[in-house]
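>>> Let me see the structure of the following:
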Amino acid sequence: MRQLRLGKDAMDRDWAEPELDLGVVAAHAGYSRYHFIRAFKEAYGETPGQYLTHRRIERAEEMLRSADLSVTEICHLVGFSSLGSFSAGFKARTGLTPSEYRAMRVGRGASLIPGCYAMLWAGGFPTATLEKRRAGRPVYGDGDQQEAASPDRSAES
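Alright, predicted model coming up:
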């Protein structure tokens with residue numbers, strides 16, 4: 001059971017990472033992919049994929065209620081790579097499309113958190129930030145000090 005919790009903890013911690021897949025989670029638990037699926041379902045009553053989808057949709061519900069972000073932005077922030085699969089999974093879980101859910105849950109006159117703050121809090125789109133860091137390119141704000149310290153090359157000519 002301890003090993004299964006390691007896999008579950010990885011999903012709870014890294015739910016927003018689109019590259020979080022069965023192989024990665026099973027490796028955290030020290031199981032093969034197929035043995036992990038069987039053991040996880042026996043222990044928790046759902047497959048790891050179903051569990052991760054439920055966690056992502058729960059986070060999306062929270063963002064739809066509180067943040068002024070588009071459905072597409074929320075879809076990517078919670079770890080879905082396809083808007084179609086996000087919308088279908090969301091409707092299967094809640095009975096409403098993401099737009100219908102927002103319209104029903106956000107009260108009249110309620111102010112939503114501005115999208116720029118919600119994105120800042122969420123760390124932006126995780127894949128773009130991670131890819132830039134892996135490639136050694138500056139992420140927004142990372143290269144500001146270097147640019148300010150280096151002289152303008154066009155002024156030298």
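
>>> Tell me who's in contact with the nearest residue to residue 36 once chain neighbours are set aside.
Counting by C-beta to C-beta, 6 or more residues apart in numbering, residue 36 lies nearest to residue 26, which is 3.9 Å off, once chain neighbours are set aside. C-beta: built from backbone N, CA, C; applies to glycine. Taking C-beta atoms under 8 Å, 6 or more residues apart in numbering, we find residue 26 in contact with 7, 32, 33, 35, 36, 48.

>>> May I ask you to confirm that residue 79 is in contact with residue 11?
No: the pair residue 79 / residue 11 is not scored as a contact, 10.1 Å apart, by C-beta atoms under 8 Å.

>>> I'd like to know how far the residue nearest to residue 36 sits from residue 67.
32 Å (C-beta to C-beta, to the nearest Å).

>>> now do residue 36
Noted for residue 36: a distance of 33 Å to residue 67, by C-beta to C-beta.

>>> Flag every buried residue along the host helix or strand of the residue nearest to residue 36.
Following DSSP states H and E, one finds residue 26 within helix 22-29. For helix 22-29, the neighbour count (16 or more other C-beta atoms under 10 Å) marks 22, 25, 26, 28, 29 as buried.

>>> Make a markdown table out of these and add pLDDT and distance to residue 40.
What follows is those, written out as a markdown table (pLDDT from 0 to 100; distance: C-beta to C-beta, whole Å):
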| residue | pLDDT | distance to residue 40 |
| --- | --- | --- |
| 22 | 87 | 10 |
| 25 | 88 | 9 |
| 26 | 89 | 9 |
| 28 | 84 | 12 |
| 29 | 87 | 8 |
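
>>> you'd agree residue 60 is in a helix?
Yes: according to DSSP: H, G, I helix; E, B strand; the rest coil, residue 60 belongs to a helix.

>>> Quick check, pLDDT for it.
Listed pLDDT for residue 60 reads 94.

>>> cool, and residue 18?
Here, the pLDDT recorded for residue 18 equals 75.

>>> What segments of the chain are strands?
67-68, 113-114 (DSSP state E).

>>> I figured residue 10 hits residue 23, correct?
No: using C-beta under 8 Å, residue 10 makes no contact with residue 23, being 11.5 Å away.

>>> Tell me, how many residues neighbour residue 21?
13 (other C-beta atoms under 10 Å).

>>> For residue 7, which non-adjacent residue is spatially closest?
That would be residue 29: by C-beta to C-beta, 6+ apart, it lies 3.5 Å from residue 7.
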